[in-house]
Every structure is written in structure tokens, then in C-alpha cells.
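> Quick one, structure for this:
(2 chains)
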2 protein chains.
Amino acid sequence: MHTSNTLSRKETWRLLALVGAGLAILNATFQGDGAPLVASIALCGIVFAVAFSLIRWLGPAFIKAGLKGKDMAKPSRPEIPETMGAVCAVVYLMSLIMFIPFAFYKDIVAATSGGGNRDVVIESQHIENGRFLHRFPHGKLASYLSGLLSLQSVVILGIGDDLFDIRWRHKVLIPAFSAIPMLIVYFVDFGVTQVVVPVPLQPYLGDIVDLGWLYYMYMAAVSIFCPNAINMLAGINGIEVAQSLVIAIQLLFNDAMYLAPMTPYPHPATDSHLLSIYFLLPFIGVSTALLFHNWCSWAIRTAISLEWCLPWLASLGISAKLLPLGCWTLLSRSGRAPPSPLIDTSLRLLHTLRLVRITQDENGRITESSNLTLLNLWLVWMGPMREDQLAWHMVAVQTVCGMIGLFVRHRLALLVFHHDNREFGFIA
Amino acid sequence: MHTSNTLSRKETWRLLALVGAGLAILNATFQGDGAPLVASIALCGIVFAVAFSLIRWLGPAFIKAGLKGKDMAKPSRPEIPETMGAVCAVVYLMSLIMFIPFAFYKDIVAATSGGGNRDVVIESQHIENGRFLHRFPHGKLASYLSGLLSLQSVVILGIGDDLFDIRWRHKVLIPAFSAIPMLIVYFVDFGVTQVVVPVPLQPYLGDIVDLGWLYYMYMAAVSIFCPNAINMLAGINGIEVAQSLVIAIQLLFNDAMYLAPMTPYPHPATDSHLLSIYFLLPFIGVSTALLFHNWCSWAIRTAISLEWCLPWLASLGISAKLLPLGCWTLLSRSGRAPPSPLIDTSLRLLHTLRLVRITQDENGRITESSNLTLLNLWLVWMGPMREDQLAWHMVAVQTVCGMIGLFVRHRLALLVFHHDNREFGFIA
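Numbers count the residues shown, from 1 in each chain, chains lettered A, B, ... in the order given. Below is the predicted model of the structure:
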């Protein structure tokens, strides 16, 4: 819709109002015990405004630097800037860094022995040792920083991918690399590799099984699976961002269930879910800004840099059960050469099951088949539709699947485990 | 020298031997109390080999992706890949992340109550709370992670600069942004803003002055000054890397003075200088690999992404007194229009002081002047010389200046302070 690279007067005033309100709220939370949750919501608004403006302003600079592509879903194939997701990712990372003092405000005050005592003259030995460090929750800070570090790694590698057209078989491994900071911090910091055994299996395996190195392999595998699942779904404008946004909101919903009115405080899982919320809210802010520009319209193509962040957000607070949808891509055929007998038989079988649509020539040979992606599957089932309709359908599918996932997580899981951690205090 | 993009057989075997030896040493340190310093030296060798190979292999991919420039110092102006520093920076960051378990091995063992107890069955409550976390030095981990975070920020922003040709007046501020993680972690974690007053001023100001916010402003200013000082020196191949390497080695020397035989252990500054060494050694590894390719020869232009890391390394362990050299660039003249009276007078004055060289036409008007950079100043003083000679001269100048800096830091400082922190326990 928008092809201009400036903000209209109306947009300018609205965004300025948003930023102003956000800053006022942030300033107000910087007293007493602090109010990190309120500060995080305010930050969400600010990053939306900043990302929205930057996406609009930086388009020409990106095209000039050669970061552009053609919108293949439009008949005129207009030139559009690419890797705008990188801009959003940088805004997102900066906001998370800026948020650190708000997240730890209460602890800073406590560490200075009760607020306002900072200017008390201290002796030179204290300058060397710092303040009363034993009171400061360094463990929480280390978790926050390691999350940030994994996000930054995925952004750096994602930018590299955008620039160099890395091959698919290498690209799938990028998230595994960026998992390393988090896995390593998990290793040195917690190192808990035991998992609770489902009730029906407990007679054979005991209550708890130590997976050891397998636990890290599992986490690495999840970290490879999730972002690629989202990445493979890509194909129409806005779908990756929209889907990420839906997932982020559902994760936020799940985290919110662990907060005060729903779950009595103090609860051992509250802090880690709060941390997850601090990471999710600004993500929702920048993703919404990107979606505004990306939704089947002006179509700034998103970089993997942003949406690959999402699984990290997920792994911060909750396990990855909710996440992936689109891992349907098994193979894509260009359809020029006649398929080998094995593929021919498979395609006919899938056609019978209504999972692909094939076109045959007069001799009954397969000349064309739809790609084995979720998008194509949906088109096979639902018939042809416009790009924006398809995107809406996908968002609906994602929403329903996510809700089923949440239900399974908190209700059906009770069939095989003794308790849901929301009630009895296991960290998800 | 090398224009091929493959390793020769001799190079391959040497690098493989280096990596093999490094891995063997790393593996050997992973027992007992661990030996992080030995592990770090081994890592230095491994990252050298990895960076060396990657620089060689990735050249064509960079040129293909448009990341190339012309070597302006050669008559034929050959095409050379640019932003290879980014590759080194990523290798460097990955190596620092990989190093975390080695740096904290002793503490991991201590946290699991004495080694080998990990497989003892623990109760389900422990799974939730993790191991005996109170024993783990989260403060140290947080320092390490915040250093990494600042480095990653500078790399992301540096890559952005390489891609977008950001204007000079914006570029100078990039390091200030990447200072934010470190400043914020310093703020929430230590928050010590008092400085010791030099002895002659103590009657007026007291022993200690609290700079408050000025302290953070000072740190931000230093963080802007140092990397730009190095960046402005750029102009001939290899000089930035070579200079960074000289500074890194001198910082390493300074850190080494705080270790066991020179400074009795336990000493409050030992740990922070060890941390500094862990960051410096792999930096030296990748920088050497880059220098091999960059030294007035095949000339991969370095990105700011790598050398901008250096001041962060410096700020980890020691104050920035040693660092900057090249901040001589005040203005550069293209020399086409006749200079304004003020600049004309200034140039003539500087010419008299032998700080620039001007060329005049028959009417005595200035038609040309040498740029006000350190490189040009040196050429004015020493006369014309070859590119590699000039680079060697600069390395020598840097070495001498750095040694003077170290002497001032540890000897002359005793004239205005009571003690050197190496002997009496102030953290530099």
C-alpha cells in the first residue's frame, strides 16, 4: 500500500505520541520497587514506533546497497527492499539491552542497601570490591544475558545468510550454532539434564531419568527444527511475520498464566516466565511494525534474522511443544524431467490421499506437481485463493494449532504426568 | 602474495597439525581444576587456523556477493574482497562462546560438589532449582557475557557500516551504542562511580570523588574515542590489523604482570586480568590470521567489525591510557578550491611547524596540502617510502608509544597516586 519512504503527518503525530507516552511510563516505573512488567509494555510501544519509522525511512538505503529483490507474487514484480528484518532485529536487540536496568531495578535498589544510600561515602576497599554484590541476583542476570547472546548470534548468522545465499543444507544448521551460547550457559550454570518420566513408564524407568548429553542433543535438535519449520513456510508476503506474531502472542498468553492472579506468588516458575515476557513484548512490538509494512502490500521481505529469533524466545520460557507447524517440505520438484519410478509412485499415492495435486500428459506421465509445502497443501484442499486470503487462512491455522498445543500442554499432559507445573512448581 | 583461494598442501598440513595439537591440549585441560590459561593459549592456535582457512576460502564468495573494493594503493587497482574482518569477528565471537566451559570449569566442578557427583541421583526438587547454585560465580559469568554482548553489538553495527556506507558523523557514534550493554551491566552490577583522587589534589577534593553520571559519560567518551582513533589511521593495507595486534600484545603483557609469579596470588585484580587475557588471546589468533593475508599483499580489506572490538578488550582489563595514537585527522582537503583565509593561515602555520606539506602555485596560493593524518605526518617527516616500509614504521611507533604508556601507567603514576594497583590491590 505504502510506496512512499516518509511518514505522513498523521503517522508522525501518532508515533510521537506513542513514544512520548512510553517514555513517560518508563520514567514513572523507575522508582520504588520498579514495575518491570509495566516498563516492558511501554517498551513494546516504543519499539513499535521506532521500528515502524526505520522500516519506512531505510527502504531506499537498502535498495541502494543492493539488498533488494523482486516481489514474485505480483504480476509487475516490483523491486522491494530485502532483509528489513535485520533492522527490526537490531531495534529489538537494542531494546532488550536498554531494558536491563528496568528488569533489575528492584535488585539494584536492594543491592545499594535500600535506595538512596548510593551517595553515602564508602571506603576505598569498597571501590575495589563493588557494592554488596552478594545481594544481587547474578544468576538471573546471566540468564538474561545468555538469552541476549543467543539472539545476537542468530541475528549475525541470519544477516550472513541474507548476504551470501548460503545453501539450504548449510542453512539448516545455522540455528544450531546460535544455540551454543544458551546451551553452554545452561551447561555451566544449571546442568540439570534429568527429566521427569511419564507416569505409565515410571515402573520401568523410575521417577526421573538423566538424559546426560542426550539432553543437550535434544535441545540442539529442537533449536534446528523450530526456526526451519517457520522458514520453510515462507512463500507469500507477511506469512512468516504473521505466524511469528501469532506464536509470540500465544507464548505470552502461556507465560501470563504463571503470573500473580492466576498462579499464587511466590511460585518457582514465575521468575522465568517473567523473563520470557520481557523478551516477548518487544518482539511483538517490532513484529507488528514489520507486519504493517509486510502484509501482502509494500512487501518488505523479511530476513530470517528476525523470525529466527522466535524459537529462542520460546526456549526461554516454555518448551517447544507449541511451536512448529510448517515442516511439510520434503522435496520440491521442478517438474521438467519425468520423475523416477519411486517418486512417480509416491506422488500418485499422495495425489490419491489429496496431499499433492499432479498434472498428467496424454500418456499418463506426470508433468507437474504442486510443491510439498503447507501452503500448497492448503491450496490443494481449499482451492485457489488470493494471497491475502491464504495468509489469513494460515494465521487461523496457526492460531488453532497453538491453542490445541496449549491445551495439550496444560490439560492432556495430566494424563501421563502427576501434575501440571503451573500448580505444583516444576519449571516448564 | 597469495591470489589462490585454496590452501597449499603444506599449509593444510601445518594448520591441521595446529588444530590437532590445540584440541588435544583443550581436551587435557578438561579435568582436575581445569587450566583455563593453557586452554586459552590452545584456543588461540585453533582460531588462527580456522580464521586463516576461512579467509582463504571465502574470498570468492565475498566478491560474488558484491563485498569488494579496489586496492587503491596498487597501480593496477585489483579487485579485493572487503569486510573479511567480519569473518574473523564471527570466528572470534564463536571461540569466546566456546571458551565459556573452560573458563568456568573449576567452578562447574565445585558447583557439582566436588567432581564426579553429577550422576548421583537427585530429587525432583533439585531438578527445578538446579544444582548448588550459590557456589557458582554468577558475577564472573555475567561480566564475561556482558563483554561478549558488547563485542557482538559492535560486530553487528560494524557489518551494518560496511554494507551501508554510513556517514562519518554517524559512524563515530556506533561504538557508543555498542558500549551500552557493558555500561548497563556495569550500572546494574557494580555501579561504582567513585575514583581515587591524585595525591596533590586530595587536600581539596578528599581521597575519593564520586563522579556519578559523569563516570558513565567518561566511559562512553573513551569508547567513542578509541575505535575511531584506530579507524582514522586506516589508509594502507594491513595497518589497522597490525596496530591492533601490537596493542593487543601490549595489553596482554600488562595483564600478564598481574599473574602468579609477578603478583602474589590471591590478588583482587588477578581475576579481572585473567578475564582480559581470555578475551585477548583468541583476538591475537584471528588478527594474526588476518594480518597474514592483509599485510601489503593480497590485501583483504579489514572491516571495522574486527578492529573495533579491540577497545572493548582494553576496557575489560585496563583503562584506555595505552591505546590511541592516530587521532590526528582534523580535516582533509581535496585541494581544489582555494582555501578560506582561516584555513590558509592554519595550513601555512602547520607547514612552518613541519606538520603538513603544502604546494603553492606561482601566485603563492595553496593548491594542495597533505592530509592531516598520522600517516601523512610521518611521510612529511620521513620522506616518501614504500607501503610496507610505512606500515613497519607505524608498527614501530605504536610499539614505542605503547611501552611509554605502560611505563607511565605503572611507574610515573606513583608520583601522583599512593600506590600502583599491581602492588596494593586496586583494580586498574
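> does any part of the helix or strand containing A:I180 sit near chain B?
Take DSSP states H and E as the rule and A:I180 turns out to sit in helix A:174-189. Yes - Helix A:174-189 lies within reach of chain B by CB under 8 Å from any CB of the partner chain, at A:177, A:180-181, A:184-185, A:187-189. (Each C-beta comes from the backbone N, C-alpha and C, glycine too.)
> tell me what that helix is packed against?
helix A:138-164, helix A:213-233, helix A:310-317, helix B:84-103, helix B:105-111, helix B:138-164 (3 or more CB pairs under 8 Å, 6 or more residues apart in numbering or on different chains; DSSP states H and E).
> So which of those is nearest A:S276?
helix A:310-317 (2.6 Å; CB to CB).
> And the next helix or strand past that closest one?
helix A:341-352.
> Give me the mean pLDDT for that following helix.
Averaging pLDDT along helix A:341-352 gives 78.
> For that helix, output the C-alpha coordinates as CSV.
Provided in CSV are the C-alpha atoms of helix A:341-352 (Å, rounded to 0.1, in the frame of the first residue of the first chain):
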residue,chain,number,x,y,z
PRO,A,341,9.6,-44.6,-10.7
LEU,A,342,9.9,-44.2,-6.9
ILE,A,343,8.9,-40.6,-6.9
ASP,A,344,6.3,-41.2,-9.5
THR,A,345,4.6,-43.8,-7.3
SER,A,346,4.9,-41.6,-4.2
LEU,A,347,3.4,-38.6,-6.0
ARG,A,348,0.4,-40.7,-7.3
LEU,A,349,-0.1,-42.1,-3.8
LEU,A,350,0.0,-38.5,-2.3
HIS,A,351,-2.4,-37.4,-5.0
THR,A,352,-4.8,-40.1,-4.1
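> May I see the buried residues of the helix or strand that it is followed by?
Tracing the chain past helix A:341-352, the next element assigned as helix or strand by DSSP H and E is strand A:358-360. Of all the residues in strand A:358-360, those buried under the rule 16 or more other CB atoms under 10 Å in any protein chain shown are A:I358.
> cool, and stretch A:47-60?
Taking 16+ other CB under 10 Å as the criterion, stretch A:47-60 shows A:47-56, A:58-59 as buried.
> And chain B, is it touching that?
No - shown here: stretch A:47-60 not in contact with chain B (CB under 8 Å from any CB), separated by at least 8.7 Å.
> Need the contact partners of that stretch.
With CB atoms under 8 Å, 6 or more residues apart in numbering or on different chains as the test, stretch A:47-60 has contacts from A:2, A:4-7, A:11, A:15-16, A:18-19, A:22, A:81, A:84, A:87-88, A:91-92, A:95, A:282, A:285-286, A:288-290, A:292-293, A:300.
> Show the buried residues in these.
Here, 16+ other CB under 10 Å leaves A:7, A:15, A:18-19, A:22, A:81, A:84, A:87-88, A:91-92, A:95, A:282, A:285-286, A:288-290, A:292-293, A:300 buried among the contacts of stretch A:47-60.
> Chain B next: which of those are close?
Answer for the buried ones among the contacts of stretch A:47-60 near chain B: none qualify (CB under 8 Å from any CB).
> Please flag which of the residues you listed sit within helices.
A:15, A:18-19, A:22, A:84, A:87-88, A:91-92, A:95, A:282, A:285-286, A:288-290, A:292-293 (DSSP state H).
> Closest residue of chain A to chain B?
A:H138 (3.2 Å; CB to the nearest CB).
> Can you give me the neighbour number for that residue?
21 (other CB atoms under 10 Å in any protein chain shown).
> OK, contacts around it?
A:H138 neighbours (CB under 8 Å, 6+ apart): B:137-139, B:141-142, B:189.
> CA atoms of the helix holding A:I180 as PDB?
Extracted in PDB, the C-alpha atoms of helix A:174-189 (Å, rounded to 0.1, in the frame of the first residue of the first chain):
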ATOM      1  CA  ILE A 174      22.800 -22.000  11.500                       C
ATOM      2  CA  PRO A 175      20.400 -22.200  14.400                       C
ATOM      3  CA  ALA A 176      22.400 -24.900  16.000                       C
ATOM      4  CA  PHE A 177      25.400 -22.600  16.100                       C
ATOM      5  CA  SER A 178      23.500 -19.900  17.700                       C
ATOM      6  CA  ALA A 179      22.100 -22.400  20.200                       C
ATOM      7  CA  ILE A 180      25.600 -22.800  21.600                       C
ATOM      8  CA  PRO A 181      25.700 -19.700  23.900                       C
ATOM      9  CA  MET A 182      22.500 -20.800  25.500                       C
ATOM     10  CA  LEU A 183      23.400 -24.400  25.800                       C
ATOM     11  CA  ILE A 184      26.800 -23.600  27.200                       C
ATOM     12  CA  VAL A 185      25.400 -21.200  29.800                       C
ATOM     13  CA  TYR A 186      22.900 -23.800  30.600                       C
ATOM     14  CA  PHE A 187      25.700 -26.300  31.000                       C
ATOM     15  CA  VAL A 188      27.900 -24.300  33.200                       C
ATOM     16  CA  ASP A 189      25.100 -22.700  35.100                       C
END
